[in-house]
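Peer 1: Generate coordinates for the sequence data below:
(2 chains)
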Amino acid sequence: MSKKPNAEVSADDLKIIISNYLTKRLDASTKIAISDLTRIAVGWSHETWLFDANWQDNEGKERCLGLCLRRDPGNALLRETSNLEEQFKVLKCLEQTDVQSPKAYWLELEPEALGAPALIMEKVPGECPSPWRKDGRKFYNDAAKREVLPKSFVDALCSIHKVDWRSCGLAFLGVPEMGKDFALAEVAKWQGLIVASDHPGHPILADLIGWLISNAPETERLTLVHGAYRTGNVLIESDRVSAVLDWELQVIGDPMYDVAYMLTELNREGTDLLSNVVPRDLFFSRYEAKTGIEIDEEKCRYFQLLYAMRSAAFWMSAAGLYAQSKNTDLRLARTEWSITVALERAAQELGY
Amino acid sequence: MTLSSSDILQRLADTIRNDIGPAVSDEYTRTQAFMASVILSKLSKQLELETAHTLAEQADVAELKLQLQTLLNDAPPPVQDRLTNFLQQDRIMPLSALLTALHEWGVNIPEASAALGLIRTVLRADIDRRMDIAT
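Peer 2: Numbering: from 1, shown residues only, chains lettered A, B, ... in the order given. Next up is the predicted model:
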């Protein structure tokens, strides 16, 4: 079994913990057996484990429920900006909407129940090929040729932007004022992460932040914004999106924030396909037709610069965790040089 | 024959990547070995280029100081304060505070815009040097 220095329990111990927990929660007549427990090796924020819970119900019938456990180890990336309670509430709100998302079952904020603060949600069928790997890029390229996934991928984004966020209870995320409030709030949020990282930064970052504050665009329409909508953050089954994942950065804000993330070159390698899978023309025509929202490319350019700042903030936070000895994972130490790459891109986008 | 510190680090990186990493069966530890190799390689490059990069940065900063002193002679106090701080240093880091002050002053003001242009030339050179190591 793999050694993971920041995990508080081994997979074998975790099986027992989950079994005990679910036996109480599901009011099962027999002890719940946990099978196929696997830690997903993606994401640096929360630990994610998939497993099946098997038991006999009160009528003696065999039951099996596929579940996903997300645990907060307390020292991971984005610890300042992402929390399990908010994820749980967002998933609960989304259950009332057309957005394909996992059903949220239980939230435990105290570590006693599951060894760490954790939430348990539905394991949705589907696969999530990594767009950063060669085989993943081939998967998306092949799917693009079949022409089903590109449409489904755009439609899933449209469903997010069409959510009636007030009526489903998502206003708890915070509602910016119309005007520059949303953009300035995002800049301030990522500035906060930079300060918390205790990293010295670089003057390009000061230039970028100054530019972002001076050029903040007006937001005229507020929608639910996923914040990281790309391939790799959705599950796919039979060439269709079966669930949108990674509800960690969502906000009520300008839909162009997500559109900019679709358009950015950061999310595609060696292809013109947006997010490795969607032809640009298809995205523009289908998105605008389905949402009634016109894509504002100038605003998207602004948000792409904001993403450059966000990337730098992520990497500074990661490098800071290692520097402060809060996390010993060398992948975090490696991000020291990713900051340079993010800032070089920002300089280019600023025209130098 | 003596190896330079940079060469030793690169050899360590190669050994970890080619000999030690592949012999590790545990997936997490193997990934850590690979990352250690990547980091050592970058540190090796950084060590190799450090003197040249520092000299280049100091030369750029010296020239920029002369240009900004003349250009920002009549700038408002917050800019002047940050400029004074920058003039006392020989590295680019104090430019962060000066850039913030310039943006607050308003980069549509001709002097601020010209100063920004000069600073960005120096920052471009600096990030290019850093990219030699980062990529």
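Peer 1: How about stretch A:256-265, which residues are buried there?
Peer 2: By neighbour count on 16 or more other Cβ atoms under 10 Å in any protein chain shown, the buried set for stretch A:256-265 is A:256-264. For the C-beta atoms, the positions are set from N, CA and C on the backbone; glycine is no exception.
Peer 1: Which of those residues scores worst on pLDDT?
Peer 2: In terms of pLDDT, the weakest of the buried residues of stretch A:256-265 is A:Thr264, which scores 92.
Peer 1: The nearest residue to it once chain neighbours are set aside: neighbour count?
Peer 2: With Cβ to Cβ, 6 or more residues apart in numbering or on different chains as the criterion, A:Thr264 has its nearest non-adjacent residue at 5.2 Å, and that residue is A:Gln304. The local packing of A:Gln304 (other Cβ atoms under 10 Å in any protein chain shown) involves 18 other residues.
Peer 1: Wait, a helix at A:Gln304?
Peer 2: Yes. Counting by DSSP: H, G, I helix; E, B strand; the rest coil, A:Gln304 falls inside a helix.
Peer 1: List the contacts of it.
Peer 2: Counting by Cβ atoms under 8 Å, 6 or more residues apart in numbering or on different chains, A:Gln304 touches A:260, A:263-264, A:349.
Peer 1: where does chain A have low pLDDT?
Peer 2: A:1-8, A:41-44, A:75-82 (pLDDT under 70).
Peer 1: try chain B
Peer 2: By pLDDT under 70, chain B has no low-scoring segment.
Peer 1: That one against chain A: which residues are in contact?
Peer 2: Residues of chain B lying near chain A by Cβ under 8 Å from any Cβ of the partner chain: B:26-29, B:31-32, B:35-36, B:38-39, B:42, B:92-93, B:95-97, B:99-100, B:102-104, B:106-107, B:116, B:119-121, B:123-124, B:126-128, B:130-131, B:133-135.
Peer 1: What about the residues you listed, which are in strands?
Peer 2: When DSSP state E is applied, these are split such that none fall in strands.
Peer 1: Any chance of a PyMOL selection covering the buried ones in those?
Peer 2: Burial among the residues of chain B next to chain A is assessed by 16+ other Cβ under 10 Å; the matching PyMOL selection reads:
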select buried, chain B and resi 28+31+32+35+36+38+39+42+92+95+96+97+99+100+102+103+107+116+119+120+123+124+126+127+130+133+134
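Peer 1: picking that back up, now, among the contacts of A:Gln304, which is nearest to chain B?
Peer 2: Relative to chain B, the closest of those is A:Glu349; by Cβ to the nearest Cβ it sits at 12.4 Å.
Peer 1: circling back to that earlier point, from the contacts of A:Gln304, which two are the most distant?
Peer 2: Using Cβ to Cβ, the contacts of A:Gln304 span at most 12.7 Å, a distance reached by A:Leu263 and A:Glu349.
Peer 1: which stretch of helix or strand covers A:Cys64?
Peer 2: Using DSSP states H and E, A:Cys64 sits in strand A:62-71.
Peer 1: ok, and what's touching that strand?
Peer 2: For strand A:62-71, contacts defined as Cβ under 8 Å, 6+ apart pick out A:18, A:46-57, A:84, A:87, A:102, A:105, A:114-123, A:125.
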